[in-house]
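> I would like the atomic coordinates for the input below:
(2 chains)
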Protein chains: 2
Amino acid sequence: MKVLVTGAGGFIGAQLVALLGARGRIGDRPIDALALADRRLVYDVPEGALMLEGDLASAPLLQRVADYRPDVIFHLAAVPGGAAEADYALGRRVNLDATLALFEQLAARDKPPVVVYASSIAVYGADLPEVVTPETPLHPPLTYGAHKLACEILLADFSRRGLLDGRSVRLPGIVARPREPSGLASAFMSDLLHALRAGERFTCPVSPQATAWWMSAPCCVENLVHAAAMDVTQADPSRAWPLPVLRLSIEQVIETCATLHGDDRRQLVTFEPNEKLEAVFGRYPRLDDESARALGLQDDGSAQALVVRALAP
Amino acid sequence: MKVLVTGAGGFIGAQLVALLGARGRIGDRPIDALALADRRLVYDVPEGALMLEGDLASAPLLQRVADYRPDVIFHLAAVPGGAAEADYALGRRVNLDATLALFEQLAARDKPPVVVYASSIAVYGADLPEVVTPETPLHPPLTYGAHKLACEILLADFSRRGLLDGRSVRLPGIVARPREPSGLASAFMSDLLHALRAGERFTCPVSPQATAWWMSAPCCVENLVHAAAMDVTQADPSRAWPLPVLRLSIEQVIETCATLHGDDRRQLVTFEPNEKLEAVFGRYPRLDDESARALGLQDDGSAQALVVRALAP
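Numbering: from 1, shown residues only, chains lettered A, B, ... in the order given. A predicted model of the protein is given here:
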């Protein structure tokens, strides 16, 4: 089968490309061709892979995608939440317009391609109930989340019409991103792990009790590949699932780092909670992710496994 | 205040314009100017009103809207469900692109204009639970509903950002539309009322037990005007409400028509249920519309009042 990864140059895209290359298959079907779409790659294009360089929102790149005729698409390209909130036009162009244009370009009635869409827990919103279930109303607290949710709905509609075989997976906070400006409001989650491994002081912008939904990047890309292969014929028409998560407080994460890297880590963190960050990223309640687990999607297993995998080279 | 009605030439638009003209105010504020946007009007432009003729998705018309600077916008312009399903590109252009372009054009940080957005019960979907509540997951069964839902989410996001003061109201089956091709899959609801008043035979495409959510056009436009004036400062962030409805079976509607127009009406209807229509328009369950009623939105009161008002000249 022919596979396309958009946002292949990004943090998750790079790890997904590496996994696809190492495994050579999705489910029981071998990968015959791999294409990578992004503005640029920060790593070498894997041998035999096709590089589709450029702006995903542009007609020439969309035409090249159509000519390539992929069977499976991982659509990861996005302007992250903080950056999209600061620049509405850019966020709209990439997160809404380019995504819909891609869906339209890929739509095919003969054999609908599988589209794994990297949605986000940013669709849920603040003021969540004690347990988030499939019935919890979605109130995205940022334009990023509103666009992700709109695209989930549009992908479900293409799937209903038999033109795409869509699977939206809502990514939680994925760690550990590189220590560089990312435009992600949740970057502190990764920065904390890096700092504690390195034995550096860290000022945490949320309280010790702040709870978030965590997943390591290796676990995330395993889930993305699984999402392409899983059987969704009986799935609900939303075609959208939260990835199963570990719900951990900052305190628990610090304890885990101390166990792994040394007891002195506990003293390295000071807290300067930012009210707005705490409201969005510090109050994630329990998540009823049974529907995702039933399809074989998984969390990291334990806080320790999460931290180890998150910091794996 | 300055008021704009898009889709002013449509069935609901025309009645809304008439009501605004007759009343001269919205809540306790007088209407100082009225602008009507549509491709054409089938009635005379009311005295003193500004006609914005053209395609809402076009830059020139959007610029004229921006120059007019309305305080209250009723956004009714849409390609109906059946027509949008048959012509995806047209539906996308009007129901998604033009709507978002209008929101962007109207967005203003100094004094966000009130946008009453005519959404639809088409956002709910088939296979509904016994009672539809604000927690019922939304699975639009047509592209029309998917686009309406996407625009609800986008309007809520503009409202969150303080750029618009959005109020999405989900319109049920509004009767009685003129007896002409409308592109609406639910046209049979209106056609039934017309036929029974006229004493004509009618072949009903859903069963006698088919239940739908009904509202007369006069009740609908009263609700739209109320939606512009109602206080939503405490409202939930979705800024979307179903209009309160009468849930009636076809049987109940025929009985009501017989009471009003004569007992012979019962014999005029034969049934040839269409499975697809029945699934979408014949199985509407109970609707928990408390949040809408609490804001002062209303149904017709009784089946008899519904039929009388629906057929009022």
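
> For the stretch 51-200 of chain A, just list every one of the helices.
With DSSP state H, counting those that start in this stretch as the criterion, the stretch 51-200 of chain A has helices at A:59-68, A:81-86, A:88-91, A:99-106, A:143-160, A:187-198.

> Please tabulate those in JSON lines, including the columns mean neighbour count and mean pLDDT.
For the C-beta atoms, the positions are set from N, CA and C on the backbone; glycine is no exception. Compiled in JSON lines, the helices of the stretch 51-200 of chain A are given as follows (neighbours: other CB atoms under 10 Å in any protein chain shown; pLDDT from 0 to 100):
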{"stretch": "helix A:59-68", "mean neighbour count": "15", "mean pLDDT": "94"}
{"stretch": "helix A:81-86", "mean neighbour count": "20", "mean pLDDT": "91"}
{"stretch": "helix A:88-91", "mean neighbour count": "15", "mean pLDDT": "97"}
{"stretch": "helix A:99-106", "mean neighbour count": "21", "mean pLDDT": "97"}
{"stretch": "helix A:143-160", "mean neighbour count": "26", "mean pLDDT": "97"}
{"stretch": "helix A:187-198", "mean neighbour count": "21", "mean pLDDT": "94"}
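
> between these, which gets nearest to B:Asp87?
Of all those, it is helix A:99-106 that lies closest to B:Asp87, at 13.8 Å by CB to CB.

> residues making contact with that closest one?
Contact partners of helix A:99-106, identified using CB atoms under 8 Å, 6 or more residues apart in numbering or on different chains, comprise A:6, A:56-57, A:62-63, A:65-66, A:70, A:73, A:75, A:113, A:115, A:117, A:147, A:151, A:154-155, A:158, A:164.

> what angle do that helix and helix A:143-160 make?
For helix A:99-106 against helix A:143-160, the angle by axes from the mean of the first three to the mean of the last three CA atoms, to 10 degrees is 20 degrees.

> between helix A:99-106 and helix A:59-68, how big is the angle?
Per the same axes, to 10 degrees, the angle that helix A:99-106 makes with helix A:59-68 is 40 degrees.

> can you give me the offset of helix A:99-106 from its chain's centre?
19 Å (CA atoms, centre = their mean, to the nearest Å).

> tell me the pLDDT at A:Met1?
With respect to pLDDT, A:Met1 has a value of 96.

> Looks like it contacts A:Ala35 (just checking).
No. Between A:Met1 and A:Ala35 there is no contact under CB atoms under 8 Å: 11.8 Å.

> and chain A, what are its domains?
For chain A, the structural domains run A:2-173+A:215-242, A:175-213+A:245-286+A:300-310, going by automatic domain parsing.

> How about the last one and chain B, touching?
Okay, so that is domain A:175-213+A:245-286+A:300-310. No. Contact of domain A:175-213+A:245-286+A:300-310 with chain B is not found when judged by CB under 8 Å from any CB of the partner chain; the minimum separation is 12.4 Å.

> Show the end-to-end separation of that domain, please.
5 Å (CA to CA, to the nearest Å).

> Then the longest one?
Counting by CA to CA, you get 26 Å between the two ends of domain A:2-173+A:215-242.

> now that domain, how far from the chain's geometric center?
With CA atoms, centre = their mean, you get 8 Å for domain A:2-173+A:215-242.

> Tell me which residues of the helix or strand of chain A with the lowest mean pLDDT come out buried.
Least confident helix or strand, chain A: helix A:275-281 with a mean of 86, by mean pLDDT, DSSP states H and E. Residues A:277, A:280-281 are the ones in helix A:275-281 that count as buried (16 or more other CB atoms under 10 Å in any protein chain shown).

> next one: stretch A:8-20
A:8-17, A:20.

> Which pair of the residues you listed spans the longest distance?
Among the buried residues of stretch A:8-20, A:Phe11 and A:Leu20 lie farthest apart (CB to CB), at 15.6 Å.

> before we move on, back to that, can you narrow the contacts of helix A:99-106 to ones near chain B?
Among these, the residues that sit close to chain B (CB under 8 Å from any CB) are A:Leu154.

> For the residue nearest to A:Lys111 when sequence neighbours are not counted, give me its contacts.
Using CB to CB, 6 or more residues apart in numbering or on different chains and skipping residues adjacent in sequence, the residue nearest A:Lys111 is A:Asp71, 7.7 Å away. For A:Asp71, the contact set (CB under 8 Å, 6+ apart) comprises A:1-3, A:111, A:113-114.

> how about a cut-off of 7 Å?
A:Asp71 is in contact with A:1-2, A:113-114, counting by CB atoms under 7 Å, 6 or more residues apart in numbering or on different chains.

> ok so, going back, between A:Met1 and A:Ala35, which is the more surrounded one?
Higher neighbour count among A:Met1 and A:Ala35: A:Ala35, with 20 against 17, using other CB atoms under 10 Å in any protein chain shown.

> how about the residues of the stretch 1-150 of chain A near chain B?
A:125, A:134-135, A:137, A:139-140, A:143, A:146, A:149-150 (CB under 7 Å from any CB of the partner chain).

> Apply 8 Å and report the result again.
Checking the stretch 1-150 of chain A against chain B by CB under 8 Å from any CB, the hits are A:125, A:134-137, A:139-141, A:143, A:146, A:149-150.

> Look at whichever residue of the stretch 201-313 of chain A sits closest to chain B and tell me its secondary structure.
At 4.3 Å from chain B, A:Pro237 is the closest residue in the stretch 201-313 of chain A, using CB to the nearest CB. Assigned state for A:Pro237: coil (three-state reduction, DSSP: H, G, I helix; E, B strand; the rest coil).

> Might one say that it is in contact with A:Asp157?
No. Counting by CB under 8 Å, A:Asp157 is not a contact partner of A:Pro237; they are 9.3 Å apart.

> Throw the buried residues of stretch A:8-20 into JSON lines and include distance to B:Ala83, pLDDT and secondary structure, thanks.
Formatted as JSON lines, the buried residues of stretch A:8-20 follow (distance: CB to CB, whole Å; pLDDT from 0 to 100; DSSP: H, G, I helix; E, B strand; the rest coil):
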{"residue": "A:Ala8", "distance to B:Ala83": "39", "pLDDT": "97", "secondary structure": "coil"}
{"residue": "A:Gly9", "distance to B:Ala83": "41", "pLDDT": "95", "secondary structure": "coil"}
{"residue": "A:Gly10", "distance to B:Ala83": "40", "pLDDT": "93", "secondary structure": "coil"}
{"residue": "A:Phe11", "distance to B:Ala83": "43", "pLDDT": "93", "secondary structure": "helix"}
{"residue": "A:Ile12", "distance to B:Ala83": "40", "pLDDT": "96", "secondary structure": "helix"}
{"residue": "A:Gly13", "distance to B:Ala83": "39", "pLDDT": "97", "secondary structure": "helix"}
{"residue": "A:Ala14", "distance to B:Ala83": "45", "pLDDT": "96", "secondary structure": "helix"}
{"residue": "A:Gln15", "distance to B:Ala83": "45", "pLDDT": "96", "secondary structure": "helix"}
{"residue": "A:Leu16", "distance to B:Ala83": "40", "pLDDT": "98", "secondary structure": "helix"}
{"residue": "A:Val17", "distance to B:Ala83": "43", "pLDDT": "97", "secondary structure": "helix"}
{"residue": "A:Leu20", "distance to B:Ala83": "42", "pLDDT": "97", "secondary structure": "helix"}
